[in-house]
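Q: Quick one, structure for this:
(chains A and B)
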Amino acid sequence: DGGITQSPKYLFRKEGQNVTLSCEQNLNHDAMYWYRQDPGQGLRLIYYSQIVNDFQKGDIAEGYSVSREKKESFPLTVTSAQKNPTAFYLCASSISVAGPYEQYFGPGTRLTVT
Amino acid sequence: AQSVTQLGSHVSVSEGALVLLRCNYSSSVPPYLFWYVQYPNQGLQLLLKYTTGATLVKGINGFEAEFKKSETSFHLTKPSAHMSDAAEYFCAVASGGSYIPTFGRGTSLIVHP
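A: Here you go, the predicted structure:
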């Protein structure tokens, strides 16, 4: 089955620790995205990547970092600089950013930082 | 710049009643419009999308939406609600300026038996 996997589903960390969220896709998509979802705020774009070894900041990139060393993988690191990291994080992919293509979403990772 | 406004953070209907979820967009160029559905603790799934052509778009699970340029709207409807339709619904807009969609805040659909 083609799709996007995110792991783990739930993640708990202490304040001040960096944490990395995994995202893998086997859809052969060029573009990948990270969104943050908070109640009543919809989805906000953190980072996106058009192609391997390239990524761009989204609307709320501060306190986050990403890498795209392989086409299939787009991990997100939530750093200790992120002031309010507790949220639901969604990874998505699409064929390309060069057209109005459907985004395919993973099941999400719920991060709780205390 | 592009933006989306979803009117009503919660919409409550009875099973069998009409579902109407409202979405208005702002875009300086012709828009591409999407509706996604999210079930609890899951990712989003595409219901339908408008790119060009016919303004009435049919999607999965009996949903449809109509693009009305004069009203800058893309409301989602379903003639008869099922309990299984209870979920969060997101409208999104993309455009030639940026094909990366901008999402609305979402509308939670509650279906009463």
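Q: Mind listing what's buried along the helix or strand of chain B with the lowest mean pLDDT?
A: Every helix and strand of chain B was ranked by mean pLDDT, DSSP states H and E. The lowest is strand B:98-103, at a mean of 89. Neighbour counts over strand B:98-103 (16 or more other C-beta atoms under 10 Å in any protein chain shown) mark B:Tyr99, B:Ile100, B:Pro101, B:Thr102, B:Phe103 as buried. For glycine as for every other residue, the C-beta is placed from the backbone atoms N, C-alpha and C.
Q: Show me what it is in contact with.
A: Identification of contacts with strand B:98-103 by C-beta atoms under 8 Å, 6 or more residues apart in numbering or on different chains yields A:33, A:35, A:42-43, A:45, A:48, A:97-101, A:103, B:2-4, B:32, B:34, B:36, B:90-94.
Q: contact partners of the following helix or strand past it?
A: Following strand B:98-103 in sequence order, the next helix or strand is strand B:107-112 (DSSP states H and E). With C-beta under 8 Å, 6+ apart as the test, strand B:107-112 has contacts from B:6-15, B:19, B:21-22, B:81-83, B:85-90.
Q: repeat that with 6 Å
A: Defining contact as C-beta atoms under 6 Å, 6 or more residues apart in numbering or on different chains, one finds that strand B:107-112 is touched by B:6, B:8, B:10-15, B:21, B:81, B:83, B:85-86, B:88-89.
Q: quick one: buried residues of stretch A:13-32?
A: In terms of neighbour count (16+ other C-beta under 10 Å), stretch A:13-32 has its buried residues at A:Arg13, A:Val19, A:Leu21, A:Cys23, A:Glu24, A:Gln25, A:His29, A:Asp30, A:Ala31, A:Met32.
Q: In a strand, the fourth one, correct?
A: Yes: counting by DSSP: H, G, I helix; E, B strand; the rest coil, A:Cys23 is located in a strand.
Q: On the pLDDT front, check it for me.
A: The confidence metric pLDDT takes the value 98 at A:Cys23.
Q: which residue sits closest to A:Phe12, ignoring its sequence neighbours?
A: Excluding its sequence neighbours, the residue lying closest to A:Phe12 (C-beta to C-beta, 6 or more residues apart in numbering or on different chains) is A:Thr112, at 5.1 Å.
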